[in-house]
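**Student:** my questions are about this predicted structure, shown below with the sequence.
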Amino acid sequence: MAPNLNLNDDNSLFNFVVKQGNGVKGLVDLGLTEVPGRYIQPPHLRINKQEVAGSHENVTVDLSELDGPNHEQAVKAIVHASETLGFFQVVNHGVPLEVLESLIVTAHQFFGQPVEKKAVYLKEVRPSPLVKYGTSFAPEDEKALEWKDVLNMFYTNDADARQSWPYDCQEVVLEFIKTSSEMVQKLLQVLFGNLGVKLDDSRLNELTGSNIVNMNFYPACPNPDLTVGVGRHSDIGMLTVLLQDEIGGLYVKKGDQNESPGNGAWVEIPPMHGALVINVGDSLQILSNGRYKSAEHTVRTTDVESRVSVPRFISPLPTAKIGPFPELVARDGVARYKEVIYGEYWKSYFEKSLNGKKSLDFASI
């Protein structure tokens, strides 16, 4: 046991995990046989496997078909998934397999380092606001902590990334952004085209100009039924492009997204070698006047082995105004959301712990 660490004392645990930067990985390395109380989630916020529906809800789209005779079928599949579950997987997406595999290896290597190598990126001491290492989502505000450590990398340009991000992460993450950008552009063209909305380059950049790549690390957990890797939430940006490893654990809520916690069935998004997971964010739901759905999702922990995932979040610029497209309000006869400044929406989202789709209340009329 680490000196001065009392797992039954919240302040001692918080100091070790959060302040000193040991994270969940540091706890697991102590040889835990049971989860500390601070990580035990209320029963209604855990994933009950009996609530999990079959995987027939999952859609996989071959993006190469957008450039061939099956273009319309591919468009329909993308649109249908975005209007219903809010999640789908893509293959033949243009990101080389070796880049995906290198991302997984690099994530394991980063979190496998001694704590002093990672702690230099803690919020209080980090060399730049473009990088942050930490644990859980909002540990200061959460009653129960998430079983997750995370590295956030904020992208502005390649030069800033090479100046700010951990050296061993730089090139592979930049390559991920570069090789996935054409795919993101194609998906947005499909989704905006289906809405009958045309955007000039300036407005498109406003809506997609922020990019963040996370490396998430979920250590093997001695009591996975008591914990969560990520609490129930929807993403707030436009689209998320997610690489998950072969371990699994990503669950999406199906049906009425406004049901109270604990209600509604969940669908697992199964790992698929070489595939990327795409999901709709709140901003796209707002812009589409509710046509596209930002699904509530969560991550379950496992006792098998440590899991990593690497999401790229494509979001509006902080100064961008997001509200339902005027063409859709005219067509629908109603605006289902008010116009908000994305930076204010972001601030509201990160000021509190995760709570399903409550983030959308900020834009509710």
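**Tutor:** On my side now, so go ahead.

**Student:** please name the nearest non-neighbouring residue to residue 52.
**Tutor:** Closest residue to residue 52 in three dimensions, ignoring its sequence neighbours and counting by CB to CB, 6 or more residues apart in numbering: residue 266, at 5.0 Å. C-beta here means a position set from N, CA and C on the backbone, and glycine is covered the same way.

**Student:** er, residue 79 I mean
**Tutor:** The shortest distance from residue 79 to any residue that is not its chain neighbour, by CB to CB, 6+ apart, is 4.8 Å, and that residue is residue 194.

**Student:** hmm, that neighbour is touching residue 80, no?
**Tutor:** No - look at residue 194 against residue 80 with CB atoms under 8 Å: they stay out of range, at 10.0 Å.

**Student:** so if I had to pick from those two, which one is more boxed in?
**Tutor:** When neighbours are counted by other CB atoms under 10 Å, residue 194 comes out ahead of the other of residue 194 and residue 80, with 17 against 12.

**Student:** against residue 325, how distant is that one?
**Tutor:** In this structure, residue 194 lies at 12 Å from residue 325, with CB to CB, to the nearest Å as the measure.

**Student:** now residue 75
**Tutor:** 19 Å.

**Student:** about what we covered before: tell me the SS of the residue nearest to residue 79?
**Tutor:** helix (DSSP: H, G, I helix; E, B strand; the rest coil).

**Student:** any stretches of the stretch 251-365 of the chain with poor pLDDT?
**Tutor:** When the per-residue scores of the stretch 251-365 of the chain are filtered using pLDDT under 70, the ranges that remain are 255-264.

**Student:** the helices in the stretch 1-150 of the chain, which residues?
**Tutor:** Along the stretch 1-150 of the chain, the stretches classed as helices by DSSP state H, counting those that start in this stretch are 10-14, 23-28, 71-83, 97-111, 115-119.

**Student:** in the fourth one, what's buried?
**Tutor:** The neighbour-count criterion (16 or more other CB atoms under 10 Å) identifies 99, 100, 102, 103, 104, 106, 107, 110, 111 as the buried residues of helix 97-111.

**Student:** which residues does the fourth one contact?
**Tutor:** Residue 103 makes contact with 172, 173, 176, 215, 243, 310, according to CB atoms under 8 Å, 6 or more residues apart in numbering.

**Student:** can you tell me which of the residues you listed is nearest residue 87?
**Tutor:** The shortest separation between residue 87 and any of these is 14.1 Å, and it belongs to residue 243 (by CB to CB).

**Student:** in a helix, that closest one, correct?
**Tutor:** No - note on residue 243: no helix contains this position according to three-state DSSP, which reports strand.

**Student:** sec struct for the residue nearest to it when sequence neighbours are not counted, please.
**Tutor:** Once flanking residues are discounted, residue 243 sits nearest to residue 310: 4.4 Å by CB to CB, 6+ apart. Under the three-state scheme (three-state DSSP), the conformation of residue 310 reads as strand.

**Student:** around residue 310, how many other residues sit close by?
**Tutor:** The number of residues packed around residue 310, counting by other CB under 10 Å, is 24.

**Student:** quick one: it and residue 104 touch, right?
**Tutor:** Yes - using CB under 8 Å, residue 310 is in contact with residue 104, at 7.4 Å.

**Student:** tell me, what's touching the two both at once?
**Tutor:** Common contact partners of residue 310 and residue 104 (CB under 8 Å, 6+ apart): residue 243.
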